[in-house]
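Next comes the sequence, and after it the predicted model I'd like to discuss.
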Amino acid sequence: MARYTGPTTKIARKFGDPIFGPDRAFEKKNYPPGQHGQMKKRRKKSEYGVQLLEKQKAKYTYGLLEKQFANLFKKAVRKKGITGEILLQLLEARLDNVVFRLGIAPTRRAARQLVSHKHITVNDRVVNIPSYTLRPGDIIGVREKSKSLEAILDSLASRSSSYNWLEWDQDLKKGKLLNYPERELIPENIKEQLIVELYSK
């Protein structure tokens, strides 16, 4: 299956959560899509259905394909600690996600495009792999030739959120991953334990 590139509001409505960020269309229609979306009597989901929905939600939120997500989960299982928390930390440490968190791009989709088009550097070397896993201490920057790009300048100008596991230097247009975030600091509304239970079956 190819990466989803369709309407984001439709997906957000499916999960009942604006997973792609602030969305006026979602606020107007915050019920499931489809002709029966507003019906109050909806069939109760099975335990498996609830777990599957949570996994799908995480996949869409971070923009991963099924195989990528499964591989990341296997990686999380091999590490010491709470599997669900480690999974979210690995998702947060992806290059495209960090570019988004730093405010270099307004969305993860836009961040993925910037990385793919070689506008982003890691430790002063161009990296064009969105799924590249960053480590604490890595320096993420905008390539010198790309610092005047209107899309990047506009995104940085409207930058509002800051995260205490990331550091940003506006003058150099460089950021640093200080550490992997604790679970309570990750703002995504994802019940990672349901995902762990799903893969444990």
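Cool, the structure landed. Residues are numbered from 1 along each chain as shown.

Using PDB, write out every CA atom in the longest helix seen in the chain.
Using DSSP state H to define each element, the chain has its longest helix at helix 47-62. These are the backbone C-alpha positions of helix 47-62, laid out as PDB (Å, rounded to 0.1, in the frame of the first residue of the first chain):
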ATOM      1  CA  GLU A  47     -11.100  -5.300  21.700                       C
ATOM      2  CA  TYR A  48      -9.100  -6.100  18.500                       C
ATOM      3  CA  GLY A  49     -10.900  -3.300  16.600                       C
ATOM      4  CA  VAL A  50     -10.000  -0.700  19.300                       C
ATOM      5  CA  GLN A  51      -6.400  -1.800  19.300                       C
ATOM      6  CA  LEU A  52      -6.200  -1.800  15.500                       C
ATOM      7  CA  LEU A  53      -7.700   1.600  15.300                       C
ATOM      8  CA  GLU A  54      -5.100   2.900  17.700                       C
ATOM      9  CA  LYS A  55      -2.300   1.500  15.600                       C
ATOM     10  CA  GLN A  56      -3.700   3.000  12.400                       C
ATOM     11  CA  LYS A  57      -4.000   6.400  14.300                       C
ATOM     12  CA  ALA A  58      -0.300   6.300  15.200                       C
ATOM     13  CA  LYS A  59       0.700   5.300  11.600                       C
ATOM     14  CA  TYR A  60      -1.300   8.100  10.100                       C
ATOM     15  CA  THR A  61      -0.100  10.600  12.700                       C
ATOM     16  CA  TYR A  62       3.600  10.000  12.000                       C
END
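
Measure how buried Ser161 is and give me the count.
Residues near Ser161, counting by other Cβ atoms under 10 Å, number 9. In this view, the C-beta of every residue, glycine as well, is placed from N, C-alpha and C.

how much space between it and Phe100?
For Ser161, the distance to Phe100 (Cβ to Cβ, to the nearest Å) stands at 10 Å.

Then Ala110?
Distance of Ala110 to Phe100, computed by Cβ to Cβ: 8 Å.

Name the residue in these two with the higher neighbour count.
A count of neighbours by other Cβ under 10 Å puts Phe100 above the other of Ala110 and Phe100, at 23 against 17.
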